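> no sequence for this one, just the structure:
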């Protein structure tokens with residue numbers, strides 16, 4: 001899903017450009033005086049990227065191509081190949097292939113089968129659904145690697161359940177369910193690094209910057225305890241917030257019994273296709289969990305699966321599915337990777353990290369230094385609409401900061417991952433939050449109160465985990 005960025009007036013955009021030009025003359029003699037000329041141009045490119053990807057009227061795909069061109073115009077790279085280096089990341093193609101594979105789950109009815117299991121709980125009442133739904137969302141990323149696909153899958157069934165209880169369209173139950181499949185769904189996607197585009201990129205960055213080369217199971221064991229703890233706390237808060245902020249409704253027992261589960265498959269062939277897809281997806285997950293990345297690359301199983309699904313006799317994928325991929329996001333992520341690589345290679349990330357140390361007292365401890373990087377990460381996340389862009393840009397800075405402060409890089413890396421992945425204060429910070437907000441069921445007050453509380457819990461959890469639990473994995 002593409003998000004519509006906020007469009008400002010022409011006067012505003014001209015003012016931003018004039019300020020940018022003014023900084024070109026002022027910055028070298030002020031706050032960028034310790035940077036080399038090349039590093040100053042790199043910082044300028046970073047500022048330009050933030051503007052182009054957030055508030056400029058230029059489409060993000062064209063903006064990404066402009067940034068690649070600016071690398072060459074500013075003399076920051078030696079060749080076109082160097083500017084395009086970000087597109088060599090396997091994470092980009094992992095996202096491409098998993099997104100295409102997720103279409104197979106929809107085509108074969110896997111989404112309907114999984115979601116309709118909730119209908120079996122309707123006779124037990126809305127409280128049973130309120131418990132089962134977040135549990136489902138917490139484990140579903142392992143099977144369906146797309147937060148937006150999970151939302152689109154569950155939304156019709158939430159509507160049916162709400163109607164089955166005889167509730168109004170703005171009931172406490174539906175508000176809570178929209179929170180779960182919107183905000184929680186996005187936050188929970190990092191439970192496995194194959195759960196969506198963001199964790200895929202994060203895992204790739206861990207490997208690229210020599211922080212850690214984690215397997216599927218190792219990632220899960222590192223991130224799951226703090227993530228599930230944060231989600232549990234936020235879920236309890238969200239349920240109680242809705243419960244005490246809005247009048248409760250009593251389920252209509254007569255309506256409740258009227259709901260009928262829909263038929264999954266019309267023909268035996270459809271059932272066989274469903275069973276085949278489930279079996280092959282589970283095999284892919286087992287390979288991820290039990291094999292070494294260095295022996296069997298993570299990208300290899302989905303590559304083979306895509307080819308198998310495209311065999312004419314199977315016919316689950318074709319060129320239409322490939323053309324349907326969001327190539328605008330592909331350009332944005334590739335350009336983000338190129339900028340991240342540039343920050344690392346020419347030392348700009350190191351100098352930025354050294355300047356960050358000016359805010360750290362000499363006798364400060366581990367927790368203070370960790371809190372500082374947590375706050376800086378939060379600021380970066382608020383600036384970038386797309387979480388993947390935020391983590392790609394900030395990651396080399398964090399790694400350099402870890403080297404300077406002697407804080408374990410793995411702890412800081414997962415702190416950044418948890419904060420960037422868990423910060424969705426603005427509806428446009430994630431497609432699922434945006435869609436849930438646009439439904440009109442959640443008010444602005446609902447969204448901002450829960451999103452702000454959720455972000456605060458994720459930041460606190462990340463700081464505690466970085467100082468305790470994640471140090472055990474060094």
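Perfect, I can see it now. Keep in mind it's a predicted model, so treat the numbers as computed, not measured.
> And the most centrally placed residue in the chain, what's its pLDDT?
The structure's the chain has its C-alpha centroid closest to residue 198; by CA atoms, centre = their mean the separation is 4.0 Å. Residue 198 is assigned 83 on the pLDDT scale.
> How about residue 147?
pLDDT for residue 147: 76.
> Check whether it really touches residue 185, as I assumed.
Yes - with contacts counted by CB atoms under 8 Å, residue 147 reaches residue 185, the gap being 5.2 Å. Using the backbone N, CA and C atoms, a C-beta is placed for each residue, glycine as well.
> if we can go back for a sec, does the residue nearest to the centre of the chain touch residue 191 like I think?
No - using CB under 8 Å, residue 198 is not in contact with residue 191, being 11.6 Å away.
> give me the number of residues near the residue nearest to residue 447 when sequence neighbours are not counted?
Of all residues not flanking residue 447 in the chain, residue 437 sits nearest, at 5.4 Å (CB to CB, 6 or more residues apart in numbering). Around residue 437 there are 22 other residues, counting by other CB atoms under 10 Å.
> how near is residue 437 to residue 198?
19 Å (CB to CB, to the nearest Å).
> Residue 204 too?
Counting by CB to CB, the gap from residue 204 to residue 198 is 11 Å.
> What is the least confident helix or strand in the protein?
helix 253-257 (a mean of 51; mean pLDDT, DSSP states H and E).
> For the following helix or strand past it, what is the distance to the chain centroid?
Of the helices and strands lying after helix 253-257 in sequence (DSSP states H and E), the nearest is helix 268-290. Taking CA atoms, centre = their mean, to the nearest Å, one finds the center of helix 268-290 at 25 Å from the center of the full chain.
> So which elements touch the helix or strand following helix 268-290?
Next along the chain after helix 268-290, taking DSSP H and E as the criterion, comes helix 300-310. Applying 3 or more CB pairs under 8 Å, 6 or more residues apart in numbering; DSSP states H and E, we find helix 300-310 packed against helix 90-107, helix 268-290.
> The same query, at a cut-off of 10 Å, please.
Under the contact criterion of 3 or more CB pairs under 10 Å, 6 or more residues apart in numbering; DSSP states H and E, helix 300-310 touches helix 90-107, helix 268-290, helix 319-323.
> what mean pLDDT would you report for the last one?
Per-residue pLDDT values over helix 319-323 give a mean of 86.
> How about residues contacting that helix?
96, 97, 99, 100, 101, 102, 103, 104, 107, 306, 309, 310 (CB atoms under 10 Å, 6 or more residues apart in numbering).
> is it true that the fifth one touches residue 277?
What that stands for is residue 101. Yes - if you go by CB atoms under 10 Å, residue 101 and residue 277 touch, sitting 9.4 Å apart.
> if I look at these two, which residues touch both of them?
Joint contacts of residue 101 and residue 277 (CB under 10 Å, 6+ apart) are 305, 309, 316.
> possible to save these as a markdown table with distance to residue 473?
Below are these laid out as a markdown table (distance: CB to CB, whole Å):
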| residue | distance to residue 473 |
| --- | --- |
| 305 | 30 |
| 309 | 36 |
| 316 | 38 |
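> Reformat those residues as JSON lines; add neighbour count and pLDDT.
JSON lines is the format used below for those (neighbours: other CB atoms under 10 Å; pLDDT from 0 to 100):
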{"residue": "305", "neighbour count": "22", "pLDDT": "92"}
{"residue": "309", "neighbour count": "22", "pLDDT": "92"}
{"residue": "316", "neighbour count": "21", "pLDDT": "89"}
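> Closest to residue 336 out of the residues you listed?
Proximity of the shared contacts of residue 101 and residue 277 to residue 336 (CB to CB) peaks at residue 305, which lies at 26.9 Å.
> ok now do the closest one, which residues does it touch?
Here residue 305 is in contact with 97, 98, 100, 101, 104, 277, 280, 281, 283, 284, 316, 317 (CB under 10 Å, 6+ apart).
> go again using 8 Å as the cut-off
101, 280, 281, 284 (CB atoms under 8 Å, 6 or more residues apart in numbering).
> show me the contacts for the third one.
With contacts taken as CB under 8 Å, 6+ apart, residue 281 has the following neighbours: 105, 143, 305.
> picking that back up, tell me, what's touching residue 147 and residue 185 both at once?
Joint contacts of residue 147 and residue 185 (CB under 8 Å, 6+ apart) are residue 432.
> What about residue 286, how many residues nearby?
Other residues close to residue 286 by other CB under 10 Å number 12.
> With the one 4 residues further on instead?
When counting by other CB under 10 Å, one arrives at 11 neighbours for residue 290.
> Excluding sequence neighbours, find me the nearest residue to it.
Nearest to residue 290 is residue 217, by CB to CB, 6+ apart, at 7.7 Å.
> How about residue 206?
If the residues on either side of it in the chain are set aside, residue 206 comes closest to residue 212, at 4.9 Å by CB to CB, 6+ apart.
> Which secondary structure element is home to that neighbour?
Using DSSP H and E, residue 212 falls within no helix or strand.
> That one: what's it in contact with?
206, 410, 413.
> From residue 223, how far out is it?
Taken as CB to CB, the span from residue 212 to residue 223 is 12 Å.
> now swap in residue 80 and tell me
Residue 80 is 37 Å from residue 223, by CB to CB.
> Looking at the two, which one has more neighbours?
More neighbours surround residue 223 than the other of residue 80 and residue 223, with 24 against 11 (other CB under 10 Å).
> which residues does the more buried one contact?
Residues near residue 223 by CB under 8 Å, 6+ apart: 190, 191, 414, 417, 418.
> is it true that the fourth one touches residue 204?
No - here residue 417 lies out of contact with residue 204, judged by CB under 8 Å, at a distance of 11.7 Å.
> and which of the contacts of residue 281 is nearest residue 387?
residue 143 (21.6 Å).
> Now the closest one. Nearest residue, chain neighbours left out?
Per CB to CB, 6+ apart, closest to residue 143 is residue 281, 6.5 Å.
> And that neighbour, how close does it get to residue 325?
19 Å.
> same question, residue 361
Distance from residue 361 to residue 325, by CB to CB: 49 Å.
> Please identify which of the two sits among more neighbours.
residue 325 (15 against 8).
> what's that one in contact with, if anything?
Here residue 325 is in contact with 96, 99, 100 (CB under 8 Å, 6+ apart).
> For the first one, which residues are in contact?
Going by CB under 8 Å, 6+ apart, residue 96 touches 325, 330.
> could you redo the last one with a cut-off of 10 Å?
Contacts for residue 96 (CB under 10 Å, 6+ apart) come out as 197, 302, 306, 322, 325, 326, 327, 329, 330, 333.
> Please narrow those to those residing in helices.
Within the contacts of residue 96, residues falling in helices by DSSP state H are 197, 302, 306, 322, 327, 329, 330, 333.
> Ignoring the adjacent residues along the chain, who's closest to residue 193?
Closest to residue 193 by CB to CB, 6+ apart is residue 203, at 3.9 Å.
> distance between the host helix or strand of the one you found and the chain's centre?
Using DSSP H and E, residue 203 sits within helix 197-208. What separates the centre of helix 197-208 from the centre of its chain is 11 Å, taken as CA atoms, centre = their mean.
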